[in-house]
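Chemist: I'll drop the sequence and a predicted model, then ask my questions.
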Amino acid sequence: MTALLEASGVSKAFGGVRAVEDASLAVEEGSITALIGPNGAGKSTLFNCLSGFLRPDRGRITLAGRRIERLPPHAIVRAGLARTFQTARALTRMTVLDNVRLAAPGHPGEQLRNLLARRRAARRREAQVTEEARALLRLVRLEEHADALAGTLSGGQRKLLDLARILMASPRLILLDEPMAGVNPALREELLAHILHVRATRGITFLVIEHDLAFVMQTADRVFVMAEGRILTEGAPEQVRRDERVIDAYLGTHG
Amino acid sequence: MSVLSSAEFWAFVGVMAGIYTLFTLGLQIQFGLAGLLNFGQVAFMAVGAYTMAILVVKQGWSMWLAAPLGIAAAALAGLLVGLPALRLRGDYFAIVTIAFSEIVRWVATNEDRLTGGSQGTINLRGEGVAAQYNGQWERFQGWLGEQLGIGSKDVVMLLLVWSVALLLLWVAGRLARTPWGRVLRAIREDEDAAASVGKPVFRYRLQALSLGAAAAGLAGLFYAWQFGFFSPDDFQPLITFFGWMILILGGVGRVWAVPVGAVVFGFLFAATRFFDFPPFSYLDSADRAYVRLLLIGLLIIALVLLRPQGILGRRQEMVLE
């Protein structure tokens, strides 16, 4: 297996705080890889570096062999890596359908100049995008809310909307930042089923930050553990669970 | 009260409402659509008006060439401000725009060899010669009046400014409903979410700022044509906030709320001039001008309390989180 995403020696400091220090990880194509660690370990900062929301001070990041560490977020999405945020980001004053349609890649109707010259192409693509967006809303069972403003959705529904939107961007790799945080058990099962389904049908790779260790043990192929800005260890879930250093990092028994 | 029943006077009020419609349409694109807090819109109006006047008087250009150049200069000014300032987050961007608008006004005041200085456009050729940029426009206005059989210049102007305004409102309304408008709204809602699905936030903001600036430039042209003379004093920051009042009155995010807000504002502004009965008559006319602002301010406060979405806005959009 080859690594779809590879980070090596990534560091990011904020003033004197070394949030991420010489972190390296590899995410294999088609895998569900988990990134775990106690609060403040640097997981979210590393995510921000991987997705272009922060520029790392040092290190290289490659996606399918292509360097991406200096690209802005939108260019990284186009290269095939998309991310979610810890809290669902519903665009509340837009319809649920528009929330999803927004993410369509390569839409000529989004270019101002094409609205004069290539209106036909823009309309054709829009029809296609609308159909795809409705299919995705059906997948996450939000199709009845398609025309409602996204602000009327519940917290759980917003999680599902986030998922539909990110799928619309048709990435190869999705970074999920705590998808199970604040989610009730029924929705948890639903989200899990969606992730597995999407991996199986679309071949999408996942890198997931998650505190829900049951979820990690159940679904992850490989686990990276972060503590104090560094990658502490990596391995199969079973192996990581028994690692003394991981237990220490979480429980802090050895300071 | 004779002025109140004069068609000329109401035509003038209507012309000003039309100019403010163009001016505020720019703010609607920038703020209502893209969420940009532009507190310096009046600067782009000044750039449009001055560019046209200077090209006509100093370069001897045809007004028909100078006018589109004025709009282009305003759009370009939008790009120049946006390139550094749009990298800042919301409130910082707002501070830069208000500073920019004061810089433009002070440059216009002090660079008298370019702009005529504090004396205004009459001084564009230097002291002692009364400069005029408006001859071609007035001939056109007269000719059009003859064709239409309309004697009043103000009524001709009313037709012209509102024809242009309605056309642009229609275009802006269409644009807002395109996938392009959808990206702008997404950026307004949450720029990180928009970036996280592949939208180049900065470029879209730049486009919105520049288009809105062009609309202000066009408003500047009509302002210049209407009065035949202007000076840096006409571009006080207050004008920008009149635009914001209109935006709030009409409703944020709805293109067609702009003319509604502008007409309501224009008529309130004009009608309060005729408060010559007690208790207003105890004040002299200069003080009454302030009472008028006070009343409009109170009205906006009342509106924000009772109908925060504006006259045409959707309430639901105000209460969602």
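Modeler: Arrived safely, thanks for sending.
Chemist: the most centrally placed residue in chain A sits in which helix or strand?
Modeler: When Cα atoms, centre = their mean is applied to chain A, the residue found nearest the centroid is residue A:175 (2.1 Å). Element membership for residue A:175 (DSSP states H and E) is strand A:173-177.
Chemist: and the helix or strand that that strand is followed by, average pLDDT?
Modeler: Going down the chain from strand A:173-177, the next helix or strand is helix A:185-202, by DSSP H and E. Regarding helix A:185-202, the rounded mean pLDDT is 93.
Chemist: strands paired with whatever helix or strand comes next after helix A:185-202, and their directions?
Modeler: Downstream of helix A:185-202, the first helix or strand assigned by DSSP H and E is strand A:205-209. Applying DSSP bridges, strand A:205-209 is found paired with strand A:32-36 (parallel), strand A:173-177 (parallel).
Chemist: could you export strand A:205-209 as PDB, CA atoms only?
Modeler: Provided in PDB are the C-alpha atoms of strand A:205-209 (Å, rounded to 0.1, in the frame of the first residue of the first chain):
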ATOM      1  CA  THR A 205      -9.700   7.700   2.600                       C
ATOM      2  CA  PHE A 206     -10.300   9.200   6.100                       C
ATOM      3  CA  LEU A 207      -8.100  10.800   8.700                       C
ATOM      4  CA  VAL A 208     -10.000  11.300  11.900                       C
ATOM      5  CA  ILE A 209      -9.300  13.100  15.100                       C
END
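Chemist: tell me the mean pLDDT for whatever helix or strand comes next after it?
Modeler: Downstream of strand A:205-209, the next assigned helix or strand under DSSP H and E is helix A:213-219. For helix A:213-219, mean pLDDT is 88.
Chemist: give the buried residues for helix A:213-219.
Modeler: Across helix A:213-219, burial judged by 16 or more other Cβ atoms under 10 Å in any protein chain shown covers A:213, A:215-216, A:219. The C-beta positions use only the backbone N, C-alpha and C, and glycine is treated the same way.
Chemist: also stretch A:119-135?
Modeler: For stretch A:119-135, a neighbour-count test (16+ other Cβ under 10 Å) marks A:122, A:125-126, A:129-130, A:132-134 as buried.
Chemist: point out the residues in chain A that sit beside chain B.
Modeler: Proximity of chain A to chain B, by Cβ under 8 Å from any Cβ of the partner chain, involves residues A:51, A:53, A:72-74, A:77-78, A:82-85, A:89, A:91-94, A:98, A:101-105, A:107, A:109-112, A:115, A:122, A:126, A:129, A:149, A:151-152, A:165-166, A:168-169.
Chemist: restricted to strands, list the residues you listed.
Modeler: Members of the residues of chain A next to chain B lying in strands (criterion: DSSP state E): A:82-83.
Chemist: please list only the buried members of the residues of chain A next to chain B.
Modeler: A:51, A:53, A:73-74, A:77-78, A:82-85, A:89, A:91-94, A:98, A:101-105, A:107, A:109-111, A:115, A:122, A:126, A:129, A:149, A:151, A:165-166, A:168-169.
Chemist: pull the contacting residues for residue A:225.
Modeler: A:36-37, A:231-234, A:240, A:243, A:245-246, A:249 (Cβ atoms under 8 Å, 6 or more residues apart in numbering or on different chains).
Chemist: do residue B:79 as well
Modeler: Taking Cβ under 8 Å, 6+ apart as the test, what residue B:79 contacts is B:206, B:209-210.
Chemist: neighbour-wise, which one of those leads?
Modeler: Most neighbours among these, by other Cβ atoms under 10 Å in any protein chain shown: residue B:209, with 28 neighbours.
Chemist: could you say what helices and strands the helix or strand harbouring it packs with?
Modeler: Counting by DSSP H and E, the element that carries residue B:209 is helix B:201-227. If you count contacts as 3 or more Cβ pairs under 8 Å, 6 or more residues apart in numbering or on different chains; DSSP states H and E, helix B:201-227 packs onto helix B:7-27, helix B:41-57, helix B:63-85, helix B:153-176, helix B:179-189, helix B:191-196.
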